[in-house]
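Enquirer: Please find the sequence and the predicted model below.
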Amino acid sequence: MVDEGVPPDVELSLLDRSRTRAGEPDDAALRHSVARAVRAEELGYHRFWVAEHHGVPGIASGSPPVLIAAAAARTERIRLGSGGVMLPNHQPLVVAEQFAMLEALFPARIDLGVGRSLGFTPSVRRALHAATTDTFADDLAELRAYLRGTAPITARPRLDRDIPVFVLATGKGLAVAGDAGLPVVVGGPILSDDALRPMLDDYRSRVRAAGGEPYVVVSTDVLIADSTEEARELALPEAWAMAASRTTGEFPALEPAELGRDMTVRQRTTVERAIARTVHGTEDAVAEQLDDLVNRAGADELLASSSTFDRAALADSDARLARLLLRR
């Protein structure tokens with residue numbers, strides 16, 4: 001066991017995307033998400049967040065508030081939230097009402113993470129009547145006004161406490177979060193960008209200028225196994241799905257790692273890049289990688305967004321990751 005690892009003041013949380021699996025109905029993915037939330041609470045995770053995707057074969061969850069309510073009814077302490085609700089798809093008043101209701105039913109346990117992404121494909125964006133102009137900053141301000149009770153109308157139920165709002169951000173979104181004085185969630189390719197630290201420094205300056213306190217959540221895929229080779233195998237189903245989406249336009253259900261793949265050069269390149277962005281390996285190796293990531297980003301919290309076809313292997317990886325928290 002190594003002495004170094006994730007710093008003791010960094011929170012550890014999970015993001016679950018309700019990934020579907022080949023050969024299973026979609027509802028199995030939703031039941032697994034709720035069961036995973038229960039297990040995350042038992043393991044000591046700080047938060048459990050769920051995602052929003054529409055018309056995607058590989059993801060069953062299109063309504064974070066409904067899934068949050070199901071998970072909250074089965075848990076007692078863990079914080080639950082969205083990673084995130086995509087504001088271009090919704091009226092701010094409706095989002096405020098949904099999360100105010102969740103907070104009223106499950107006090108001091110609800111988080112609201114919001115993002116600016118549109119639908120996965122043009123047909124989905126049309127079905128959502130997604131905005132064609134970028135109004136995210138204005139929508140965010142309107143949403144917060146409803147939550148604070150300062151809007152022209154009052155979102156019900158009216159609360160006497162705040163719901164934490166987080167901004168899922170890359171690039172321009174960091175500035176929006178900073179100017180709003182809100183916590184930020186960063187992930188994906190931005191984590192390997194040389195400009196990450198300067199962008200986060202700018203975010204922190206903006207938050208302080210807005211009278212807030214900077215808070216950075218780093219979201220990354222994490223998979224832990226007995227060896228690097230086994231962890232890499234766990235990462236393959238998600239990497240294959242990413243490669244398929246880039247070439248077919250459809251993000252598919254997870255399939256077993258042992259299935260053979262006839263891939264183009266482009267697909268193989270996408271697979272290798274996806275695996276390279278996944279923090280994977282033994283517990284000690286992952287602890288070292290996460291420590292480096294936390295230090296580079298100056299992160300306050302880690303949000304693991306792991307998935308793989310084998311549910312038992314995923315549960316084992318979640319438990320191993322939680323052990324890193326216990327040994328700090």
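Expert: Thanks, I have the structure now.

Enquirer: And E142, how far from V95?
Expert: Going from E142 to V95 by CB to CB, to the nearest Å gives 10 Å. Placement of C-beta: from N, CA and C, glycine included.

Enquirer: So those two - more neighbours on which side?
Expert: Higher neighbour count among E142 and V95: V95, with 25 against 18, using other CB atoms under 10 Å.

Enquirer: so that one makes contact with M86?
Expert: No: applying CB atoms under 8 Å as the test, V95 and M86 come out as separate, 9.8 Å apart.

Enquirer: Find residues that contact each of these two.
Expert: Shared contacts of V95 and M86 (CB atoms under 8 Å, 6 or more residues apart in numbering): V114.

Enquirer: how close does P25 get to G188?
Expert: Distance of P25 to G188, given as CB to CB: 29 Å.

Enquirer: An error on my part: the question was meant for S82.
Expert: Per CB to CB, S82 is found 17 Å from G188.

Enquirer: Which of those two has more residues huddled nearby?
Expert: Neighbour count, other CB under 10 Å: between S82 and G188, S82 has more, with 29 against 14.

Enquirer: check contacts around that one.
Expert: 49-52, 64-65, 68, 111-114.

Enquirer: What confidence value was assigned to it?
Expert: S82 carries a pLDDT score of 97 in this model.

Enquirer: now T278
Expert: 94.

Enquirer: burial count for it?
Expert: 22.

Enquirer: follow-up on the earlier one: can you tell me which of the contacts of S82 end up in strands?
Expert: Members of the contacts of S82 lying in strands (criterion: DSSP state E): 49-50, 111-114.

Enquirer: tell me the two of those that are most distant?
Expert: Spatial extent of the ones in strands among the contacts of S82 (CB to CB) is set by the pair V50 and V114 at 13.5 Å.

Enquirer: Sketch out the low-pLDDT regions of the stretch 101-250 of the chain for me.
Expert: 119-120 (pLDDT under 70).

Enquirer: where along it do the helices fall?
Expert: Using DSSP state H, counting those that start in this stretch, the helices of the stretch 101-250 of the chain run over 122-127, 136-148, 172-180, 196-209, 228-248.

Enquirer: and the angle for the third one with helix 136-148?
Expert: Calculated by axes from the mean of the first three to the mean of the last three CA atoms, to 10 degrees, helix 172-180 forms an angle of 40 degrees with helix 136-148.

Enquirer: Which residues in helix 172-180 does the neighbour count mark as buried?
Expert: Within helix 172-180, the residues that count as buried by 16 or more other CB atoms under 10 Å are 173-174, 176-180.

Enquirer: Tabulate those residues (a markdown table), appending distance to S205.
Expert: Listed next are these as a markdown table, based on distance: CB to CB, whole Å:
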| residue | distance to S205 |
| --- | --- |
| G173 | 16 |
| L174 | 11 |
| V176 | 14 |
| A177 | 12 |
| G178 | 7 |
| D179 | 10 |
| A180 | 14 |
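
Enquirer: quick one, strands of the stretch 1-150 of the chain?
Expert: 11-16, 47-50, 79-82, 85-86, 110-115 (DSSP state E, counting those that start in this stretch).

Enquirer: Quick check: buried residues in the first one?
Expert: This points to strand 11-16. Buried residues in strand 11-16, counted by 16+ other CB under 10 Å: 11-16.

Enquirer: what packs against it?
Expert: If you count contacts as 3 or more CB pairs under 8 Å, 6 or more residues apart in numbering; DSSP states H and E, strand 11-16 packs onto helix 26-43, strand 47-50, strand 301-304, helix 311-326.

Enquirer: what about the closest residue to E238 other than its chain neighbours, how many neighbours?
Expert: Closest residue to E238 apart from its sequence neighbours, by CB to CB, 6 or more residues apart in numbering: S307 at 5.5 Å. If you count neighbours by other CB under 10 Å, S307 ends up with 24.
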